[in-house]
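Asker: Provided below for reference: sequence and predicted model.
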Amino acid sequence: MASITNSSADTKKIVVRKTAAESVTSSIALQNDDHLSFAIGVNEVWTFSILAPYTCSAAGQIRVAITIPAGATMDLSANALGNVTPAHGNTQTGGTAIQLDTTTGTSASLLASGTVVNSTTAGTVQFQWAQNASSGTSTTLLINGYLVANRI
């Protein structure tokens, strides 16, 4: 995982770059992204944005989620942008998928943003994704997507 962080206990900004493409084929099971995550401490509040280019088939599409530590709360919005029919959704439940049905298979960009308010359990804020419908044509998050998180 390539990241830029302040190494002190007062870390306020984290930037993580997706250093390799990642594909899912014939699966709607959410999987942890290999790169896009960050640690969150007890009682911390973080905002985050994820921008990730991707490709998919018209049959497969993409769905996304964020997992958070036990006791944390969150707001998450996600949008599919670019050479697609725009799609969007939101959730306030960690691990709940937002389905981004864009009606056409193509290259696009995923933009997700939100806020996590943590409680008494430190842990990880983890980006997850999968195909929205099982397809033999892969859905691929491409290299150079990124996550920016700010502690507020």
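Answerer: That came through, no problem. Numbers count the residues shown, from 1 in each chain.
Asker: contacting residues around the nearest residue in space to Ala59 that is not next to it in sequence?
Answerer: Counting by Cβ to Cβ, 6 or more residues apart in numbering, Ala59 lies nearest to Ser135, which is 4.2 Å off, once chain neighbours are set aside. (C-beta placed from N, C-alpha, C; glycine too.) Contacts for Ser135 (Cβ atoms under 8 Å, 6 or more residues apart in numbering) come out as Thr25, Ser26, Cys56, Ser57, Ala59, Gly60.
Asker: Next: Thr137.
Answerer: If a contact means Cβ under 8 Å, 6+ apart, then Thr137 has Thr25, Cys56, Ser57, Ala59, Gly60, Gly105 as its contacts.
Asker: ok, and the most crowded of those residues?
Answerer: Counting neighbours by other Cβ atoms under 10 Å, Cys56 comes out on top of those with 27 neighbours.
Asker: quick one: low-confidence parts of the protein?
Answerer: 1-10, 83-85, 102-105 (pLDDT under 70).
Asker: any idea which residue sits dead centre in it?
Answerer: The C-alpha lying nearest the average C-alpha coordinate of the chain belongs to Phe127 (Cα atoms, centre = their mean; 3.6 Å).
Asker: Nearest spatial neighbour of that one, chain-adjacent residues omitted?
Answerer: Nearest residue to Phe127 in three dimensions, chain neighbours excluded: Leu36, at 3.9 Å (Cβ to Cβ, 6+ apart).
Asker: Good, wrapping up.
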